[in-house]
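Quick one: sequence and predicted model below, then my questions.
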Amino acid sequence: MRILILFLLFVYCNDFQQNENRKKIARVNSIFLYESDLLSELNTGLSYEDSIIISTSIINDWAIKNLIYNQSLLYLDDSIQRDLSKMVEKYKLQLWTDTYRNFLSSSNSMYKIDSLDKIDYYKKNKNSFKLKENIYNVAYIILPKGNNNLKLIMSRLRNFSKTDLSFLDSLNYQFNDFILNKSLWLNKTDLLKKIPLINSFNFDLDLKSKDFFVYKDSLEVYLLKVFNYNKYSNPAPY
């Protein structure tokens, strides 16, 4: 079945009628995926093999979503579709508004403090920033259990080089949740909310011998990379 879907959908543009200059690489009914759209999702630093893997995943994901979307237009009641359209418009308005507010806030020099002043203040007042619980410098990925690229994603997250990070970022649409920012710190409470399968009693002991963890339940796989951790009552990292 999968081979048949790939055969029907991953058709090069010379198999389609070309009504415009942009190159078409896949089609679902009257909707086309263009080469320029695919290339915009790919990082330039990827190897040829990684580009093939990611391109295939992007096209598969695009095709499945558009097939389901077309089915929804046929079978969802008009009243439901009207409600969904209203929700989309509200979300669009909120997104534009929030983004513009953030832009105004970040560009207002009255509220900016020089980073050197921040560092100096931190160094002089470290004891004022003692931790109330353990914190962890982490990256994590939560993804569906049946993901076809699971082993590769695990390997890339474990290594976490710049190339690995670019590769993972290119696949982030496959993840249910993720954080790939090496500067992030989470306290234990927030970490357990994200990955509830962690055994909080043994976790700190396990950190002494390893830095990569894999947890699974019936639906999802939780991948956790720990770069560092800081204990209760120590000064918080800058």
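Arrived safely.

Please enumerate the strands of the chain.
24-28, 31-34, 135-144, 177-179, 185-187, 212-216, 220-230 (DSSP state E).

And the pLDDT at the residue nearest the centre of the chain?
Nearest residue to the geometric centre of the chain (Cα atoms, centre = their mean): residue 172, 3.8 Å. The model reports residue 172 with a pLDDT of 91.

Likewise for the one 5 residues further on?
For residue 177, the pLDDT comes out at 94.

Setting aside sequence neighbours, what's the nearest residue to it?
Once flanking residues are discounted, residue 177 sits nearest to residue 142: 4.3 Å by Cβ to Cβ, 6 or more residues apart in numbering. All C-beta spots, glycine's among them, are computed from the backbone N, C-alpha and C.

returning to what we had before: look up which residues are beta-bridged to the closest residue to the residue nearest to the centre of the chain other than its chain neighbours.
For residue 172, ignoring the flanking residues on the chain, the nearest one in space by Cβ to Cβ, 6+ apart is residue 178 at 5.9 Å. Applying DSSP bridges to residue 178 yields these beta-bridge partners: residue 141.

these two touch, right, the residue nearest to the centre of the chain and residue 166?
No. Assessed by Cβ atoms under 8 Å, residue 172 is found out of contact with residue 166, at 11.0 Å.

if I look at residue 165, how far off is residue 157?
9 Å (Cβ to Cβ, to the nearest Å).

Give me the more crowded residue out of those two.
Each of residue 165 and residue 157 has its neighbours counted (other Cβ atoms under 10 Å); residue 157 has more, 22 against 19.

Residue 190: neighbour count?
Residue 190: 12 neighbours (other Cβ under 10 Å).

Which pLDDT does the model give it?
90.

From residue 202, how far off is it?
19 Å.

now swap in residue 21 and tell me
Residue 21 is 60 Å from residue 202, by Cβ to Cβ.

Neighbour count for those two, which is higher?
Shown here are residue 21 and residue 202; by other Cβ under 10 Å, residue 202 has more neighbours (9 against 5).

Many thanks, we can stop here.
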